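Asks: Curious how this folds, go ahead:
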Amino acid sequence: MKSKDIIEEKYKNITCPKCSSNNIKRDGKRKTENRGKIQRYRCNDCNFRFVIDDGFYRMRTNENKITVGIDLYYKGVSLRKVQEHFQAFYSHNSSHMSVYRWIVKYSMMVSNLTDNLQIQCGKEMMSDEMEYHRRLYHQKGMKGIEQNWFVDTFDLKTRFMIIGEYMKSRTNENLIKVMKKTKFKTGEQVKIVTTDGLQGYPTVFRKTFGLQSPYHSSSRTKSKIIHNVVIADERGFNHPIERLHNTIRERTKIMRGFHGCIESAYAIMKGLEINYNFNRKHMALGNKTPAEIAIQEIKLGVNRWLDLIKLSRI
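Replies: Down below sits the predicted model:
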């Protein structure tokens, strides 16, 4: 089903946010300075007037401008350059910090949708980690640098980044959280999991994917997956996921470290995951995005960020 059809179906079933009544009627339009005219509704039961929260509720900037800013940022344009672009083509300018806040807000909003979408994937997936150094600040300047990690899982068939999580440390507890989300999205489709030699992975996979313990090899119970460990050598290893990481580094290496709290770094990396899956086309997939292969029931329009934001509010 196309995203436009899904959104229109929601508008046909509008309920009052105050009393949840379906007895609704249109009640004129509210004129705004930058967003045009917005449809108002009135509840015939409680007489409450309201507008639909389509993801841009109470925003003072046009939805197309917001999504353009997000799209430019994930295409490699800096926040300052995005601001300069707005100064040249939009009369009502937005600062680079406004663009930053849009990225954090809408990346988290859309991730609430995409993290709960189940995908059609192949039998083999890969998992790996990337090291990052986040700058810590206080009132007098930079306090220090903290080592963080980005852990992701990747479907070999569809090139879909199943889950990407930015975290303080790659403990077994954090890895288990990533694998549980991966298991939810892939179900029982995955039969082979390829990783590097990180010692925590066997324990993590036993608790999530049902990997058989090597100490109970004589048991009649068979492992649900095969854990394929590939050790790095001079030729490299896990080439498909390493290619993905090169794509991620192309964007993050010019950020000069993540500033501020870990929550904002988490949101930015979530947005990068969404952009990779739903916006970036792959020649290996016939010039399609990974989402077009892995989630065929949702058809997005040209402005994919706009459609994803509105779908996340349904």
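
Asks: When you work out contacts or count neighbours from here on, use the C-alpha atoms and nothing else.
Replies: Noted.

Asks: Where does pLDDT dip in this structure?
Replies: Where the chain drops to pLDDT under 70, the residues are 1-12, 138-142, 214-221, 232-238, 256-260.

Asks: Three-state assignment for E165, please.
Replies: Taking DSSP: H, G, I helix; E, B strand; the rest coil as the rule, one finds E165 in the strand state.

Asks: burial measure for it, as a count.
Replies: 19 (other CA atoms under 10 Å).

Asks: Bridged to it, which residues?
Replies: V151 (DSSP bridges).

Asks: From K191, how far off is the nearest residue to K180 once chain neighbours are set aside?
Replies: The shortest distance from K180 to any non-neighbouring residue, by CA to CA, 6 or more residues apart in numbering, is to T208 (5.9 Å). Separation of T208 from K191 (CA to CA, to the nearest Å): 13 Å.

Asks: So for these two, which residue has more residues nearby?
Replies: T208 (18 against 15).

Asks: Quick check: the gap between the more buried one and F150.
Replies: 19 Å.

Asks: Same check on I254?
Replies: Taken as CA to CA, the span from I254 to F150 is 17 Å.

Asks: Buried residues in the helix ranked longest in the chain, which are they?
Replies: The longest helix of the chain (DSSP state H) is helix 96-114. For helix 96-114, a neighbour-count test (16 or more other CA atoms under 10 Å) marks 96, 99-100, 102-104, 106-111, 114 as buried.

Asks: Mind picking the one among the residues you listed that's closest to G36?
Replies: Distances from G36 to those, taken as CA to CA, are shortest for W102 (19.5 Å).

Asks: check contacts around the closest one.
Replies: 66, 70 (CA atoms under 8 Å, 6 or more residues apart in numbering).

Asks: all strands of this protein, in order?
Replies: Ranges of strands in the chain, per DSSP state E, are 24-31, 37-43, 49-50, 124-138, 141-155, 161-167, 192-195, 226-229.

Asks: could these go into CSV alongside distance to W305?
Replies: Below are these laid out as CSV (distance: least, CA to CA, whole Å):
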stretch, distance to W305
strand 24-31, 24
strand 37-43, 20
strand 49-50, 25
strand 124-138, 26
strand 141-155, 22
strand 161-167, 17
strand 192-195, 31
strand 226-229, 36
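
Asks: Quick one: closest of those to E250.
Replies: Nearest to E250, of the strands of the chain and by CA to CA, is strand 124-138 at 13.1 Å.

Asks: and the longest helix of the chain, C-alpha only, in PDB?
Replies: Presented in PDB, the C-alpha positions along helix 96-114 are these (Å, rounded to 0.1, in the frame of the first residue of the first chain):
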ATOM      1  CA  HIS A  96      21.800  25.800  11.800                       C
ATOM      2  CA  MET A  97      20.700  24.900  15.400                       C
ATOM      3  CA  SER A  98      17.100  24.700  14.200                       C
ATOM      4  CA  VAL A  99      18.200  22.200  11.500                       C
ATOM      5  CA  TYR A 100      20.100  20.300  14.200                       C
ATOM      6  CA  ARG A 101      17.000  20.100  16.400                       C
ATOM      7  CA  TRP A 102      14.900  18.900  13.400                       C
ATOM      8  CA  ILE A 103      17.300  16.100  12.800                       C
ATOM      9  CA  VAL A 104      17.300  14.900  16.400                       C
ATOM     10  CA  LYS A 105      13.500  15.300  16.700                       C
ATOM     11  CA  TYR A 106      12.400  13.600  13.500                       C
ATOM     12  CA  SER A 107      15.100  10.900  13.500                       C
ATOM     13  CA  MET A 108      13.800   9.700  16.800                       C
ATOM     14  CA  MET A 109      10.200  10.100  15.700                       C
ATOM     15  CA  VAL A 110      10.700   8.000  12.500                       C
ATOM     16  CA  SER A 111      12.800   5.400  14.400                       C
ATOM     17  CA  ASN A 112       9.800   4.600  16.500                       C
ATOM     18  CA  LEU A 113       8.200   3.400  13.300                       C
ATOM     19  CA  THR A 114      11.100   1.800  11.500                       C
END
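
Asks: angle of that helix against strand 161-167?
Replies: Comparing the axes of helix 96-114 and strand 161-167 via axes from the mean of the first three to the mean of the last three CA atoms, to 10 degrees yields an angle of 130 degrees.

Asks: Would you quantify the distance from E33 to Y57?
Replies: 14 Å.

Asks: thinking again about what came up before, looking at I254 and F150 now, which is surrounded by more residues?
Replies: Taking other CA under 10 Å, I254 and F150 do not tie; F150 has more neighbours (19 against 11).

Asks: residues touching the closest residue to that one other than its chain neighbours, list them.
Replies: Among residues not flanking F150 along the chain, Y166 sits closest, at 4.4 Å (CA to CA, 6+ apart). Residues in contact with Y166 (CA under 8 Å, 6+ apart) are 148-151, 265-266, 269.

Asks: how about 10 Å then?
Replies: Going by CA atoms under 10 Å, 6 or more residues apart in numbering, Y166 touches 129-132, 148-152, 174, 262-270.
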